[in-house]
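Chemist: After the sequence you'll find the predicted model.
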Amino acid sequence: MSKIAPQVIQRLPEDVVNRIAAGEVIQRPSSALKELIENSLDAGSTSISVLVKEGGHKLLQVQDNGHGVREADLGILCERHTTSKLKSFEDLEGIGTLGFRGEALASISFVSHLTVTTMTPGVKGTTISVEDLFYNVTTRKRALRSSSEEYSRILEVVGRYALLKTGVSFSCKKHSDKRLDVHTLCSNSRLDNIRAIFGPSVAKQLLPFEMNVKGFADASASVDTPAAADAMEEDDQVAFSVEGYVSSPNYGSKKTIFVLFINDRLVGCPLLERACKKVEVYEALLSKTEKPFIFFDLHLPAKHVDVNTHPTKQEVSFLHTEEVVNAIQSALEAKLITSNNSRTFYTQTRLPGAPEPSEEDHAGGEADPKQKQLAYKFVRTNSNNRAGVDVTGERRASQPPPTQGDTQDAAEAGPSSKSQRASQRQRRSFPMCELTSVQELLAEVDKASSQDLVDMFRQHTYVGVADHRGLALMQYKTRLYLVRISSVCQELLYQQVLRRFQHFAIFSISNPPCVKELMLVMLDAQEAVGGWTPEDGSKEEISELARQLLIQKGPMMKEYFGITITDEGRLAALPVVLEHIVPDLERLPEFVHSLTQEVDWESEKECFQTAARVIAKFYSLEADLPCDAADIGSQESASEAVRKQRYEWNVQHVLFPAARIMLKPRARFATDGTLYQVACLEQLYKVFERC
């Protein structure tokens, strides 16, 4: 027999009971928001505004214009099981409101600081502020995701209710941010709201879906409204109505978007979701990586639905589940089959860098053999090709077949081609940032670019690194150009930072350096060249101020740029701006100093622009090579030789292939020394002719 004495059973204190119950209802900021939005909708609101600070951790505020709360009811508003929507258990059978337990505000108040302001003079409606969520439940607070991820969940909840309630205006934004991340109007149609939330590319590929069923024996009968559905008295009869939108076979996303409302409740139904994914049209026409978009507003007789089956009301149970799911699946398949008359395919008529088609190609005829090609139109790209190839890339008929040197050159071009393909995938895999400031900066890049220079980089032929000063040679048609590597690299990286905004992959630093120590190293270096004097303040104070600034801006830098600053002031991670480009960590002191001195932290647009420039400068390929071959043999160490080889490899196989695909060169490159023409074949022929 066991020697362990039985434990004493005792009643839990009320505050412990309340916290446990709150943990079941309120799991994260988005679940608290769901309860608050449902309360606002039950109050007849036509306008709901959401304000969020730090992903809802610090502040979650919901303001509506509903009928508000009576002053006499404020005393019990946040007590458990107090509600105006339910009087007896039998009322659950025909409940028409979204809330019914009377637990939402009570649960929120147990794990946060809750403020309710209602029906103030001249202001209709209610404002509920939830501050310091889970301040007294440290385990739950530590388990939450980052502020940006929690905010994306909040936007998801607001967006889904905006799809359902077309007569209600929804808005959501971050605290101290002027831009609304979600904004819909009362006058918008459901398709307008889909366009505002998911984008026009999704909305234009959607098909309206509608279905009304009142018994399979009489499929023509309709159940147009929930009230009509409630008129059904026989529980053994299947009856429901569905409205919504589904994606056509032309649409395909990396993630399934399945939004389901049952009797105006945002719920999940795994059985229905799986059935819709297995529709034959989707399986036949969508690849394994392409997923559909489905939005259903399903109405069932209230007596057929049990809404009290899940602590957070994320699921409901309803009668005739299999029959309803099968009917919707069949109707969806029939809808897609009748709408599958055509598909849209996007093709590219000419690959970047491919030669322009000749007039004979357009005319469908052959070139006139009597028309002799001018000699200076033939460009030799390989020293083994005695006759050369012309600028259109076609080998002359009299030229011998490729030699071993040609094969070797083709093999050497392999990594560059792979880099180009990687650059193409890299460019297409990052969605465009929706922040207005970033979009304006990208628009400025487009406006400042030159189409002639874009064509030059798209169709160039890389020659090689020219000298130790960071110059490279590239050929475009019959001209040879010197290119300043650092300028091209910094501009490319700057544009990449803007394109990858909020979508950076990161790499961690194994031994995170202290920001303060990095600043001290930089100040010592500046002192050696007269950049710092005692009049500027003590190094210790300057370094500490820099540490505090970067800790304060740490969440923003991590969310937008992938730069991680720990609470202790250590640099823990850096972003991947361009594959295969790893910054020189010996320049970390300069990078930290630039973040504190060169970034404008006050204005949003200037902040993003200056931060992107600082990151681009830090990641830029910097040349520090020996001046001549003698230096290589006598003075350069083995590590310097490896670094030189790595630099030249990055320039040839990473920078120039990426510039071919992604760079939009600025027009000033032609005049500021970034590009300089050193030879022109036509002019050289004229010189030789004079000789």
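Modeler: In hand now; what should we look at?

Chemist: quick one: the helices in the stretch 451-600 of the chain?
Modeler: 451-458, 485-499, 515-528, 539-552, 554-561, 588-597 (DSSP state H, counting those that start in this stretch).

Chemist: Can I get the ones you listed in TSV including distance to residue 43, mean neighbour count and mean pLDDT?
Modeler: For glycine as for every other residue, the C-beta is placed from the backbone atoms N, C-alpha and C. Converted to TSV, the helices of the stretch 451-600 of the chain look like this (distance: least, CB to CB, whole Å; neighbours: other CB atoms under 10 Å; pLDDT from 0 to 100):
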stretch	distance to residue 43	mean neighbour count	mean pLDDT
helix 451-458	56	16	91
helix 485-499	43	23	92
helix 515-528	49	19	88
helix 539-552	39	17	90
helix 554-561	34	19	91
helix 588-597	47	20	91
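
Chemist: Residue 617: which of the ones you listed is closest?
Modeler: Residue 617 lies closest, by CB to CB, to one member of the helices of the stretch 451-600 of the chain: helix 485-499, at 5.9 Å.

Chemist: Is residue 622 in a helix, a strand, or coil?
Modeler: Put simply, residue 622 is coil when judged by DSSP: H, G, I helix; E, B strand; the rest coil.

Chemist: Spit out the contact partners of it.
Modeler: Residues counted as contacts of residue 622 (CB atoms under 8 Å, 6 or more residues apart in numbering) are 470, 486, 584.

Chemist: Among those, which one sits closest to residue 602?
Modeler: Ranked by distance to residue 602 (CB to CB), these are led by residue 486 at 28.9 Å.

Chemist: That closest one contacts residue 471, doesn't it?
Modeler: No. Under the criterion of CB atoms under 8 Å, residue 486 is not in contact with residue 471, lying 9.6 Å apart.

Chemist: who touches residue 588 in this structure?
Modeler: 513, 518, 571.

Chemist: Please repeat the previous calculation with a cut-off of 10 Å.
Modeler: 509, 513, 515, 517-518, 521-522, 571, 574, 618 (CB atoms under 10 Å, 6 or more residues apart in numbering).

Chemist: ok, residue 467 touching residue 482?
Modeler: Yes. The pair residue 467 and residue 482 qualifies as a contact (CB atoms under 10 Å) at a distance of 9.4 Å.

Chemist: between the two, who's got more neighbours?
Modeler: Neighbour totals were compared for residue 467 and residue 482, and residue 482 leads with 18 against 13 (other CB atoms under 10 Å).

Chemist: just for this structure, where's the confidence low?
Modeler: 1-12, 14-25, 81, 84-97, 99-102, 215-236, 310-313, 340-431, 623-637, 683-691 (pLDDT under 70).

Chemist: where exactly do the helices run in the stretch 51-200 of the chain?
Modeler: With DSSP H, counting those that start in this stretch, the ranges of helices along the stretch 51-200 of the chain come out as 104-110, 138-143, 147-164, 190-198, 200-203.

Chemist: Would you convert those into TSV that also reports mean neighbour count and distance to residue 290?
Modeler: Converted to TSV, those look like this (neighbours: other CB atoms under 10 Å; distance: least, CB to CB, whole Å):
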stretch	mean neighbour count	distance to residue 290
helix 104-110	23	38
helix 138-143	11	33
helix 147-164	20	21
helix 190-198	19	16
helix 200-203	14	13
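
Chemist: now residue 323, nearest residue through space, not along the chain?
Modeler: Distance criterion CB to CB, 6 or more residues apart in numbering; nearest residue to residue 323, sequence neighbours excluded, is residue 238 at 5.1 Å.

Chemist: Let me fix that, I meant to ask about residue 667.
Modeler: Excluding the flanking residues, the one nearest residue 667 by CB to CB, 6+ apart is residue 450, at 3.9 Å.

Chemist: if I read this right, the one you found contacts residue 669, doesn't it?
Modeler: Yes. Using CB under 10 Å, residue 450 is in contact with residue 669, at 7.5 Å.

Chemist: outside of the host helix or strand of residue 446, which residues touch it?
Modeler: According to DSSP states H and E, residue 446 maps onto helix 436-448. Applying CB under 10 Å, 6+ apart, the contact partners of helix 436-448 are 178-179, 432-433, 435, 491, 494-495, 497-499, 501-502, 560, 603-609, 612, 664-668.

Chemist: Quick one: residues contacting residue 143.
Modeler: 27-28, 134, 137.

Chemist: actually residue 68, sorry about that
Modeler: Taking CB under 10 Å, 6+ apart as the test, what residue 68 contacts is 43-45, 116-120, 123-127.

Chemist: how far away is it from residue 33?
Modeler: 19 Å (CB to CB, to the nearest Å).

Chemist: Next one: residue 534 relative to residue 541, how far apart?
Modeler: Taking CB to CB, one finds residue 534 at 11 Å from residue 541.

Chemist: Then residue 490?
Modeler: Residue 490 sits 32 Å away from residue 541, going by CB to CB.

Chemist: do the same with residue 549
Modeler: Relative to residue 541, and taking CB to CB, residue 549 is found at 13 Å.

Chemist: For stretch 178-190, list the C-alpha coordinates in CSV.
Modeler: The C-alpha coordinates for stretch 178-190 follow below in CSV (Å, rounded to 0.1, in the frame of the first residue of the first chain):
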residue,chain,number,x,y,z
LYS,A,178,-1.6,58.6,-38.5
ARG,A,179,-2.1,55.9,-41.1
LEU,A,180,-5.0,53.5,-40.8
ASP,A,181,-4.1,49.9,-41.5
VAL,A,182,-7.7,48.8,-41.9
HIS,A,183,-10.4,51.2,-43.0
THR,A,184,-13.8,50.3,-44.4
LEU,A,185,-16.9,52.5,-44.9
CYS,A,186,-20.6,51.8,-44.1
SER,A,187,-21.5,52.3,-47.8
ASN,A,188,-19.0,49.7,-49.0
SER,A,189,-20.1,46.5,-50.6
ARG,A,190,-18.6,43.2,-49.4
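
Chemist: ok, residue 160 - contacts?
Modeler: So residue 160 contacts 34, 37, 197, 257, 259-261, 266, 295 (CB under 10 Å, 6+ apart).

Chemist: who touches the residue nearest to residue 667 in this structure?
Modeler: So residue 450 contacts 456, 664-670 (CB under 10 Å, 6+ apart).

Chemist: And residue 150, by the same measure?
Modeler: The neighbours of residue 150, taking CB under 10 Å, 6+ apart as the test, are 28-30, 52, 54-57, 60, 133, 144.

Chemist: excluding its backbone neighbours, what's nearest residue 513?
Modeler: residue 571 (5.6 Å).

Chemist: on that earlier part again, relative to residue 303, which of the helices of the stretch 451-600 of the chain is closest?
Modeler: helix 554-561 (47.3 Å).

Chemist: what helices or strands is that closest one leaning on?
Modeler: helix 147-164, strand 564-565, strand 571-576, helix 604-619 (3 or more CB pairs under 10 Å, 6 or more residues apart in numbering; DSSP states H and E).

Chemist: May I see the ones you listed arranged in JSON lines, with distance to residue 174 as well?
Modeler: Shown next, in JSON lines, are the helices and strands packed on helix 554-561 (distance: least, CB to CB, whole Å):
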{"stretch": "helix 147-164", "distance to residue 174": "7"}
{"stretch": "strand 564-565", "distance to residue 174": "20"}
{"stretch": "strand 571-576", "distance to residue 174": "21"}
{"stretch": "helix 604-619", "distance to residue 174": "11"}
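
Chemist: Look up how far residue 258 lies from residue 678.
Modeler: 60 Å.
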